[in-house]
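> fold the stuff below for me.
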Amino acid sequence: MSDAGAASGSRAFFAARFPDVAARLERHGAFQSSVVTMDGAAVDIRIGERSLYGGEASGFAAAQVAAYLEKPLRLFMRGPDSAGLVSPICIRAVKALQDHLNAESRNNIALYPVGSPSFLVVLGVGLGRHLEELARRTEARWLIVVEPTIEFFAHSFQSVDWRALVATFEHRGGSVHVVTELDPAAMVAAIIRFMAANGIAFADGSWVFTHYPLWAFTEARKRLHEAVELAFVNRGFFEDELRMMENAVRNFAERRFALLEARPRLRRLEKAVIVGAGPSLDDGLDTLHRIRDRVVLFSCGTALRPLLRRGIVPDFHCELENVPEVFGILSETGSFGDLGQISLVASATVDPRVPPLFRDTILYFRDTVSSTAILGRKYRHIPGTAPTCVNMGLAMAAFMGFTEFALFGTDCGVRPGANRHAEGTIYRDIGVWQEKDRKSRPAIEVEGNFGGMVLTDWVYDVSRLMMAGAIAHYRFNVVNCSDGALIPGAMPCLPQSLEIAMPPIDRGAFVAELRRSLAHFAPGELLDGIDFAAIRTSAEALFRAVDGVLDELAAQEPDFAVAYERVGALVDGFGDRYAQTNAIVDGALRALPRIGMFYGFRVDDPAARAGLYRVFLDAFRSIVAEMAERTEALLRSLDARGERRDAAAYVSSDRIAGDDCCDW
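Residues are numbered from 1 along each chain as shown. You can find the predicted model right below:
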């Protein structure tokens, strides 16, 4: 496209389709680059004294695309287990598909998906001579064009027919998205948002092409794989949701507790110290001894054990996880100090054997879990308490009214060659946990709190970024005494340099004030008014709706992508019509089509793929029937357990009974 009329038409279409970018071009001012033409055609871009293509863009782009397709950079899933898709109930689908493939002698499936809708990520536009060929050869459904040098879009109008390019992807059922961020983190975030909006499962097999060297592209390419891996992880296991529902009902039915909600509270003047189990905690224990009487101390997860071993008793201990192993860990931890001196702050889904270990209990409704959706609709759940207990500790303290914080052992990563956890944690002392820790392989490089480089993984990276987001949003004053990853917004501070100007805390007055600010529940009181019979009826209707969609899919041409999109639309549209019982099965319903896609799109023969699709639908139906049966059984059992117990009889055996006790 070399004539002025064609360039003008391309510009006009681009402006109509991407108005924000076009508006920035209009405001851009003088360009720092210019187009080199030959015989009326754009052949190069000159930036100062440098040439982008060495004089001939078409040949450069053709050779570059050919070399790329010989050895493409692609994002792909190695197996369903790597994306969190294989919960116990979903293993049945995996086994059914694998058994069928083995029986058909197709056990060696392709590394990449074949014929699957996918994304094409192009880092760099330049003159755009590479775009049409990449679109044709990859057959991607969506194109994500990343170009931070905004004036290059203006140059591309002389060589790219943007109307035809967009039409190519729209004809495939997709679209074209433009990203102009220069910051690599923002660049990657924009890519991930677009992928997630169109179906993150289609990221499996996506193409990543770099057109010209730029530091931001290099960094974004490194980050993109981890970011997709994180976004690709399926959320919500059916078995986990059943456990959380059962745990929550038992915790509400069997003991007194206080409830912490996400409500505004009077600001507290004391400094809250959040303690994680990172290796730098070892260097902070002397400081914690020194300042202990002037701070409110929150231990998080496995940090409790090293604290008690050094004689440091926290005010609050935070537990996030619902698994039974937590009870065993805390029971063993209790051999180093009296847990009965500590207040437990925990998700309502914590193992019901845990609260009796502590002096008293504060529960909260965790976001995005079934127990909150079904039982906690009248209460304000607390966001941002995952993925680690450190995030929970910061959130709990914040909604108690604290705004001044110090962080210890919140490393969110590890210095190369260092231990991953503090001395005295289960990960350093107990065999099975030592082995689990050794298997961890942090691979993401981030800036250290005191400079240098720290290695982290996606869980801890998300943890630190979520803390950074909370610090910025709520304008907390935070010092970070941890020698791990930098947490933006938290001021680095050597532990020995931390000074607390406050006088010793009157803990009796502090506890009394906090107690008055919380709602308190007798055993079973929170469950009053929960109609489990009506909830069961809603769940039955939910499973009928799922069966209806499976009937539709069985009557249509076999297509794993359509199954994924149709089931996703069903889940997205549940809303409030099924009394939130969909929260129990949402994760599994989203996971099953993705398992089907993983195997189905790695079989290139259409007839074989159709046969595999029938196996997939049969497995899907069988699993849904099992989920319906187990959900019904759970709700019936919870109805019985949720009946309010005799509070007086319970209090007589409760360790927190007595007016002289610090009970909530």
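
> what lines up beside the strand or helix carrying Glu445 in the sheet?
In the assignment (DSSP states H and E), Glu445 maps to strand 444-447. Strand 444-447 sits in its sheet next to strand 453-456 (antiparallel), going by DSSP bridges.

> for the strand it pairs with, which positions count as buried?
By 16 or more other Cβ atoms under 10 Å, the buried positions in strand 453-456 come out as 454-456. In this view, the C-beta of every residue, glycine as well, is placed from N, C-alpha and C.

> out of these, who's nearest Trp142?
Nearest to Trp142 among those is Thr456, at 29.8 Å by Cβ to Cβ.

> roughly how far does that closest one sit from Val546?
Separation of Thr456 from Val546 (Cβ to Cβ, to the nearest Å) stands at 39 Å.

> equivalent analysis for Asp604, please.
Noted for Asp604: a distance of 30 Å to Val546, by Cβ to Cβ.

> these two: who's more crowded?
Between Asp604 and Val546, Val546 has the larger neighbour count (other Cβ atoms under 10 Å), namely 21 against 13.

> element containing the more buried one?
helix 532-555.

> output the below-cut-off pLDDT ranges for the stretch 201-350 of the chain.
Counting by pLDDT under 70, the ranges of the stretch 201-350 of the chain that qualify are 234.

> can you show me the strands along it?
Remark: strands assigned in the stretch 201-350 of the chain by DSSP state E, counting those that start in this stretch are 206-210, 257-259, 268-275, 295-300, 316-319, 343-347.

> partner strands of the fourth one, parallel or antiparallel?
Think strand 295-300. strand 268-275 (parallel), strand 316-319 (parallel).

> likewise the shortest one?
According to DSSP bridges, strand 257-259 forms sheet pairs with strand 360-364 (parallel), strand 519-521 (antiparallel).

> got the angle for the first one vs strand 343-347?
Using axes from the mean of the first three to the mean of the last three Cα atoms, to 10 degrees, the direction of strand 360-364 lies 20 degrees away from that of strand 343-347.

> and the contacts of strand 360-364?
251-252, 255-261, 316, 343-348, 350, 355, 381-382, 385, 396, 399, 518, 656, 661-664 (Cβ atoms under 8 Å, 6 or more residues apart in numbering).

> the helix or strand just after that strand packs against which elements?
Counting by DSSP H and E, the next helix or strand C-terminal to strand 360-364 is helix 370-375. With contacts taken as 3 or more Cβ pairs under 8 Å, 6 or more residues apart in numbering; DSSP states H and E, helix 370-375 sits against helix 238-254, helix 582-600.

> please identify the deepest-packed of these.
Most buried of the helices and strands packed on helix 370-375 by mean neighbour count (mean count of other Cβ atoms under 10 Å) is helix 582-600; its value is a mean of 25.

> buried residues in the helix or strand following it, which are they?
For helix 582-600, the following helix or strand on the C-terminal side (DSSP H and E) is helix 606-641. Buried positions in helix 606-641, judged by neighbour count with 16+ other Cβ under 10 Å: 609, 611-613, 615-617, 619-620, 623-624, 627-628, 630-631, 634-635, 638-639, 641.

> just stretch 21-35 next, same as before
For stretch 21-35, the buried set under the neighbour-count rule, 16+ other Cβ under 10 Å, comprises 21-22, 25, 33, 35.

> wait, which of the strands paired with strand 257-259 is closest to Asn480?
Comparison of these against Asn480 by Cβ to Cβ identifies strand 360-364 as nearest, at 24.5 Å.

> and that closest one, C-alpha only, in PDB?
Extracted in PDB, the C-alpha atoms of strand 360-364 (Å, rounded to 0.1, in the frame of the first residue of the first chain):
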ATOM      1  CA  ASP A 360     -10.600 -16.900  71.400                       C
ATOM      2  CA  THR A 361     -11.600 -16.600  67.800                       C
ATOM      3  CA  ILE A 362     -12.200 -13.900  65.200                       C
ATOM      4  CA  LEU A 363     -13.600 -15.200  62.000                       C
ATOM      5  CA  TYR A 364     -14.100 -13.400  58.700                       C
END
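
> now do that strand against helix 238-254, angle only.
Going by the same axes, to 10 degrees, strand 360-364 makes 130 degrees with helix 238-254.

> let's test this: mean pLDDT of strand 360-364, rounded?
Mean pLDDT, strand 360-364: 97.

> renumber starting at 684 from here on
Shifting the count to begin at 684 puts that one at strand 1043-1047.

> gap between it and the chain center?
From the chain centre to the centre of strand 1043-1047 is a distance of 25 Å (Cα atoms, centre = their mean, to the nearest Å).

> how many residues are close by the nearest residue to Phe835 once chain neighbours are set aside?
Sequence neighbours aside, Val808 is the residue nearest to Phe835 in space, at 4.9 Å (criterion: Cβ to Cβ, 6 or more residues apart in numbering). A count of neighbours around Val808, defined by other Cβ under 10 Å, yields 23.

> and Val808, what does it touch?
Val808 makes contacts with 814, 828, 830, 835-836, 839, 843, 894, as judged by Cβ under 8 Å, 6+ apart.

> what about 6 Å?
Shown in contact with Val808 (Cβ atoms under 6 Å, 6 or more residues apart in numbering): 828, 830, 835, 839.

> Arg820 now?
Each residue near Arg820 by Cβ under 6 Å, 6+ apart is listed here: Leu752.

> cool, the one 4 residues further on as well?
Arg824 makes contacts with 800, 855-857, as judged by Cβ under 6 Å, 6+ apart.

> so how far is Ala1244 from it?
Separation of Arg824 from Ala1244 (Cβ to Cβ): 9 Å.

> equivalent analysis for Leu1300, please.
Counting by Cβ to Cβ - Leu1300 and Ala1244 are separated by 14 Å.
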